[in-house]
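Participant: make a model of this:
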Amino acid sequence: MIDVLFFAELQEAAGSAKIAVEADRITVKDLKEKLLATYELDNLDHAMVAINEEYATEDVLIENGDVVAFIPPVSGG
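Facilitator: This next block holds a predicted model:
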């Protein structure tokens, strides 16, 4: 299992701040595709990704037990 954390508008779109995904040894890109097939996460491709509190790129492998956070870009003024 992989714990997935959503923040800001991604949390609202997913309907939860945290979900568990049944997966092991998949890339960030594969996880994104899996999430997009289930949830309407329009800004997912623009979000920063962190695995176990360290920023990661799309080719990083996610292991069973990892925590993945999707952090959308912030705006303000």
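Participant: use CA for all of it now, contacts and neighbours both
Facilitator: Will do.
Participant: now do the helices in this structure.
Facilitator: 9-14, 28-38 (DSSP state H).
Participant: the strands in this protein, which residues?
Facilitator: In the chain, the strands defined using DSSP state E lie at 2-6, 18-21, 26-27, 48-51, 54-56, 61-62, 67-71.
Participant: just so I know, which of these lies nearest Lys34?
Facilitator: strand 18-21 (9.1 Å; Cα to Cα).
Participant: which outside residues touch that closest one?
Facilitator: 1-6, 11 (Cα atoms under 8 Å, 6 or more residues apart in numbering).
Participant: so where's this protein shaky on pLDDT?
Facilitator: Residue ranges of the chain with pLDDT under 70: 75-77.
Participant: closest to the centroid, which residue in it?
Facilitator: Phe70 (4.0 Å; Cα atoms, centre = their mean).
Participant: quickly list what that residue is bridged to.
Facilitator: With DSSP bridges as the criterion, Phe70 is bridged to Phe6, Val49.
Participant: pretty sure it sits against Leu5.
Facilitator: Yes. With contacts counted by Cα atoms under 8 Å, Phe70 reaches Leu5, the gap being 6.2 Å.
Participant: got the phi/psi numbers for Asp66?
Facilitator: When quoted as degrees, to the nearest 10, the phi and psi of Asp66 stand at phi -70, psi 160.
Participant: neighbours of it, just the number please.
Facilitator: 16 (other Cα atoms under 10 Å).
Participant: for it, which residues are in contact?
Facilitator: 1-3, 51-52.
Participant: can I get those in TSV including neighbour count?
Facilitator: As requested, these are exported to TSV (neighbours: other Cα atoms under 10 Å):
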residue	neighbour count
Met1	14
Ile2	19
Asp3	18
Ile51	20
Asn52	14
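Participant: want to throw those into CSV with distance to Thr38?
Facilitator: What follows is the contacts of Asp66, written out as CSV (distance: Cα to Cα, whole Å):
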residue, distance to Thr38
Met1, 17
Ile2, 15
Asp3, 15
Ile51, 21
Asn52, 23
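Participant: and which of the residues you listed is nearest to Tyr39?
Facilitator: Using Cα to Cα, Asp3 is the member of the contacts of Asp66 that sits closest to Tyr39, with 15.5 Å.
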